[in-house]
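Visitor: Need coordinates for the below:
(chains A and B)
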Amino acid sequence: MLHIVNKSPFEKNSLESSISVAADGSAVLMIEDGVYGVLKGSRVEEMVKGAMGSLKIYALGPDVEARGIADKVMDGITLVDYNGFVALTTEHDKVQSWL
Amino acid sequence: MSTKRFLYVNRKAPYGTVYALESLEVVLIGAAFEQDVRLLFMDDGVFQIAKNQKTDGIETKNFSPTYSALGDYDITKIYVDKQSLEERGLTVDDLIPLTYEDEDDDWAEKDSIILIDRNDVKTLMEESEVLLSF
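Guide: Residues are numbered from 1 along each chain as shown, chains lettered A, B, ... in the order given. As a prediction, the model looks like this:
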């Protein structure tokens, strides 16, 4: 399953909730303000790093670039472009958007 | 017209919602009416003044260069909550270097950004006469 998170992890608990219920082998894609979840050295880094063992974590590159945090992405997160976004939605059988 | 101490409290990230851009518009209006304008960035608001914002990929206007013009509107006090930066893995070096020219000091260029802690935020809010929240 693909979990899509579009809210800042510092303002809403969408990222935390998605990670806590995502089954092993699932993917989490951060978009819009959700991309702040990529920040290394932040208070969510430990949670995201901890999830990498069983989940694949992606972030939408254009949203990362827009917010000026491209050089602060923690290791282990894969950046995708819009085509990659589309590919992820087609590769997974289901999509859960954490609005 | 009397001058009042205005504090704009900015707590939202840019682009995800329209709050940041709307705040900036109102800040410039307040400055045009020669009010004593101060800005506070805390919580996700600190992301508004993150440097290196490049919005071509999301086809949205990058309004972050406008913050650099605030000094020309006599907005010289821009407070940033230290704790909010730390929680996000940021330091002052990750922010746009905002400055103003001090007319009382031979137009010397000075930093507008003032890092403060939560206790200072409390004082700042109490000292302000008008609070505008975005």
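Visitor: how about the residues of chain B that lie near chain A?
Guide: Applying CB under 8 Å from any CB of the partner chain, one finds that chain B approaches chain A through B:12-17, B:43-44, B:47, B:50-58, B:60, B:62, B:64, B:87-90, B:94. Where you see a C-beta, it was placed from the backbone N, CA and C, and this is true even at glycine.
Visitor: Please list the members of the residues you listed that lie in helices.
Guide: B:E87 (DSSP state H).
Visitor: so where's chain A uncertain?
Guide: Along chain A, no part satisfies pLDDT under 70.
Visitor: who in it is up against chain B?
Guide: Near chain B, when you scan chain A using CB under 8 Å from any CB, you find A:6-8, A:10-11, A:32-33, A:36, A:39-43, A:45, A:61-63, A:65-72, A:81.
Visitor: Show only the entries of these found in helices.
Guide: Judged by DSSP H, helices contain the following of the residues of chain A next to chain B: A:E45, A:G61, A:P62, A:D63, A:E65, A:A66.
Visitor: Can you pull out the low-pLDDT segments for chain B?
Guide: B:1.
Visitor: and A:S8, how many residues sit next to it?
Guide: 25 (other CB atoms under 10 Å in any protein chain shown).
Visitor: Could you pull up the residues touching the residue nearest to it when sequence neighbours are not counted?
Guide: Leaving aside its sequence neighbours, A:S8 sits nearest to A:D33 (CB to CB, 6 or more residues apart in numbering or on different chains; 4.3 Å). Going by CB atoms under 8 Å, 6 or more residues apart in numbering or on different chains, A:D33 touches A:N6, A:K7, A:S8, A:E11, B:A13, B:Y15, B:G16, B:T17, B:D44.
Visitor: was I right about the fifth one contacting A:N6?
Guide: The one in question is B:A13. No: taking CB atoms under 8 Å as the definition, B:A13 is not a contact partner of A:N6, at 11.4 Å.
Visitor: Looking at the two, which is more packed in?
Guide: Legend: neighbour count by other CB under 10 Å for B:A13 and A:N6, higher for B:A13 (25 against 20).
Visitor: and residue 7, how many residues sit next to it?
Guide: Just going to use chain A. 21.
Visitor: Hmm, no, I was thinking of chain B.
Guide: Neighbour number of B:L7 under other CB under 10 Å is 21.
Visitor: give me the number of residues near the closest residue to it other than its chain neighbours?
Guide: Leaving aside its sequence neighbours, B:L7 sits nearest to B:S128 (CB to CB, 6+ apart; 3.7 Å). By other CB under 10 Å, 18 other residues sit near B:S128.
Visitor: which helices and strands sit right next to the longest helix along chain B?
Guide: Ordering each helix of chain B by length in residues (DSSP H) puts helix B:19-32 first. Here helix B:19-32 touches strand B:5-10, strand B:36-41, strand B:130-133, going by 3 or more CB pairs under 8 Å, 6 or more residues apart in numbering or on different chains; DSSP states H and E.
Visitor: Of the ones you listed, which stretch is the most buried?
Guide: strand B:36-41 (a mean of 23; mean count of other CB atoms under 10 Å in any protein chain shown).
Visitor: now for that one, which elements pack on it?
Guide: Contact partners of strand B:36-41 among helices and strands, from 3+ CB pairs under 8 Å, 6+ apart: strand B:5-10, helix B:19-32, strand B:78-81, helix B:118-127.
Visitor: Describe which strands that strand pairs with in its sheet and in which direction.
Guide: The strands that strand B:36-41 pairs with in its sheet are strand B:5-10 (parallel), strand B:78-81 (parallel) (by DSSP bridges).
Visitor: Contacts for the longest one, please.
Guide: The contact list for strand B:5-10, computed with CB under 8 Å, 6+ apart, reads B:19-20, B:23, B:26-27, B:30, B:35-42, B:45, B:48, B:124-125, B:127-134.
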